[in-house]
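Enquirer: 3D, please:
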Amino acid sequence: MSSAGQYSAFADAAIFEAVRTPWVDLGGALSQVSPIDLGIKVGREVLARAGIDPQAVDSVLAGSMAQASFDAYLLPRHIGLYSGVAQAVPALGVQRICATGFELLRQAAEQVRDEVQLALCVASESMSRNPIAAYTHRDGFRLGGEVQFKDFLWEALYDPAPGLDMIATADNLARRYGLSRKAVDRHACDSHQRALQAQRDGAWAEEIVTVDNQVFELEGYQPRGISLARRASAVSADSHPRPTDLEALTRLRAVHPGGVQTAGNSCAVVDGAAAALVGRASACTRPALARLLASAVVGVAPEFMGIGPAPAIRLLLQRSGLNLGDIGRFEINEAQAAQVLAVAHELELDSTRLNVQGGSLALGHPLAATGLRLVMTLARQLRQHNLRYGIAAACVGGGQGMALLIENPDWRA
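Expert: Numbers count the residues shown, from 1 in each chain. Next up, the predicted model:
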């Protein structure tokens, strides 16, 4: 694989604090909440958790994929304003599909390298509010013409360049790497079991904030707020991890004939938001969650898009002077089981360092927010186990891969 791509190193960037909402299943308690309001929730919470005055924020970076509300264009700006950030501070929308969370951190670290002292990064995704859309009807409908509305949530998985959906690209990787249906189902089963154990152990307790019904006031402007669906009063835990077994997974039909990917070994569809504060490590007055050391992003063939994390991780290691053995933990997004297994095969990763608390097969994948979740989960693992380096990575629709290298600031040899 080529070492071409974009590499960025950061000398003095750190994540001061990071939080997220629970990841809640499609159609669940968060299904009627605008991603803007989910973003405001975590924006406010991360500032409160860090004990930082919102007026100290110099930059707002926010990302979301689908336009899940009519005011979607205003998402970055409203998240900043309603989080209490000063009106003069600008806000920027960021998008790199499944790696949006990583891209937020990369851009924040680069801003910190220049003039910004503190950046608020927020990623929010409402998969439930993905629209039923039409793009060709501005001039009206012709008599007897085709009236075509499609489900954006499903159609967005299709890449017209290779003429394949994302699940088919994972099947391509299964064939390339000789991955059997049993191996793919086994990984999915392991992901659920690891996630359930992590949930029982309270592994995500520090990063999850409870979401309840509330109003966000902003002096001089209309209030916004959260109103939970299904008569819920609050949600405080990820909803998708559940007991499963290999036999149950084996009974599911493959999405494509002859393929290995099913509904059971593909990522769960969920709603959720995450936030992080990025600033200068040298200016941090309390222990930082993690140091941001470097990022790498590469392009790969669209028909094998799921392999993207492998060359991104290779580039990250080559340019940083580290090797695989130096990395204590890997968090690689589980878009599909065959995809993450192909990456593990390509890099010869052992399962004891990869997604040890389960992954998106069990937790779910709210597109823009997943990258931030991977990094905060990784950072807390490094601190808990006194490990120095960790890498979070994800494949990206259209054929890309992105990886982020972080360091435990409290590591002791």
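Enquirer: Is it correct that residue 280 is in contact with residue 16?
Expert: No - between residue 280 and residue 16 there is no contact under C-beta atoms under 8 Å: 9.6 Å. Where C-beta positions appear, they are placed from N, C-alpha and C, glycine not excepted.
Enquirer: who has more neighbours, these two?
Expert: residue 16 (26 against 18; other C-beta atoms under 10 Å).
Enquirer: so the nearest residue to the more buried one once chain neighbours are set aside, which of the three states?
Expert: Computed as C-beta to C-beta, 6 or more residues apart in numbering, the closest residue to residue 16 that is not its neighbour in sequence is residue 277, at 4.3 Å. Three-state assignment for residue 277 (DSSP: H, G, I helix; E, B strand; the rest coil): strand.
Enquirer: Please verify my assumption that residue 277 contacts residue 120.
Expert: Yes - between residue 277 and residue 120 a contact is recorded at 6.1 Å, counting by C-beta under 8 Å.
Enquirer: if we can go back for a sec, which strand residues bridge the residue nearest to residue 16?
Expert: residue 17, residue 120 (DSSP bridges).
Enquirer: Run through the stretch 301-413 of the chain and note the low-pLDDT ranges.
Expert: Scanning the stretch 301-413 of the chain for pLDDT under 70 picks out nothing.
Enquirer: can you give me the strands for it?
Expert: Under the criterion DSSP state E, counting those that start in this stretch, the stretch 301-413 of the chain contains strands at 327-332, 389-396, 400-407.
Enquirer: returning to that earlier point: count the residues that sit near the residue nearest to residue 16.
Expert: The burial count for residue 277: 26, using other C-beta under 10 Å.
Enquirer: Show the contacting residues for it.
Expert: 15-18, 46-47, 50, 52, 57, 118-121 (C-beta atoms under 8 Å, 6 or more residues apart in numbering).
Enquirer: Relative to residue 108, how far out is it?
Expert: 9 Å (C-beta to C-beta, to the nearest Å).
Enquirer: Tell me the residues that contact both of these two, please.
Expert: Residues within reach of residue 277 and of residue 108 at once, by C-beta under 8 Å, 6+ apart, are 119, 121.
Enquirer: follow-up on the earlier one: so what sits against both of residue 277 and residue 120?
Expert: Between them, residue 277 and residue 120 share the contacting residues 46-47, 57, judged by C-beta under 8 Å, 6+ apart.
Enquirer: And for residue 85, the neighbour number?
Expert: 25.
Enquirer: And for residue 224, nearest residue in space, chain neighbours not counted?
Expert: Nearest to residue 224 is residue 216, by C-beta to C-beta, 6+ apart, at 4.6 Å.
Enquirer: quick one, the helix or strand hosting residue 168 and strand 389-396 angle?
Expert: Using DSSP states H and E, residue 168 sits in helix 166-177. In terms of direction (axes from the mean of the first three to the mean of the last three C-alpha atoms, to 10 degrees), helix 166-177 departs from strand 389-396 by 120 degrees.
Enquirer: The chain should start at 19 in everything you say after this.
Expert: In the new count, where the first residue is 19, that last one comes out as helix 184-195.
Enquirer: Residues touching helix 184-195, excluding its own?
Expert: The contact list for helix 184-195, computed with C-beta under 8 Å, 6+ apart, reads 175-177, 180, 182, 197-198, 202, 273-274, 276-279, 284, 320-325, 353-357, 359-360, 363-364, 415.
Enquirer: Show me what secondary structure element comes after that helix.
Expert: Next along from helix 184-195, by DSSP H and E: helix 199-218.
Enquirer: how deep is the nearest residue to residue 187 once chain neighbours are set aside tucked in, by neighbour count?
Expert: In this structure, residue 187 finds its nearest non-sequential neighbour in residue 323, 5.0 Å apart by C-beta to C-beta, 6+ apart. Other residues near residue 323 number 28, with proximity taken as other C-beta under 10 Å.
Enquirer: now residue 323: how far from residue 329?
Expert: 12 Å.
Enquirer: How about residue 158?
Expert: Counting by C-beta to C-beta, the gap from residue 158 to residue 329 is 47 Å.
Enquirer: which of those two has more neighbours?
Expert: residue 329 (25 against 6).
Enquirer: hang on, that one packs against residue 316?
Expert: Yes - in this structure, residue 329 is within contact of residue 316 by C-beta under 8 Å, at 4.7 Å.
Enquirer: Next up, the contacts around the residue most central in space within the chain.
Expert: The residue lying closest to the centre of the chain (C-alpha atoms, centre = their mean) is residue 388, at 1.1 Å. For residue 388, the contact set (C-beta under 8 Å, 6+ apart) comprises 116, 119, 351, 378, 412.
Enquirer: thought the second one was touching residue 391?
Expert: Same thing as residue 119. Yes - using C-beta under 8 Å, residue 119 makes contact with residue 391 at a distance of 7.0 Å.
Enquirer: which residues are common contacts for those two?
Expert: residue 292.
Enquirer: Pull out the buried residues from the helix holding residue 186.
Expert: By neighbour count on 16 or more other C-beta atoms under 10 Å, the buried set for helix 184-195 is 184-192, 195.
Enquirer: Over to stretch 63-73?
Expert: 63-65, 67-68, 70, 72.
Enquirer: And for it, what's in contact with it?
Expert: 34-37, 62, 75, 101-104, 136, 138, 227, 293-295, 304.
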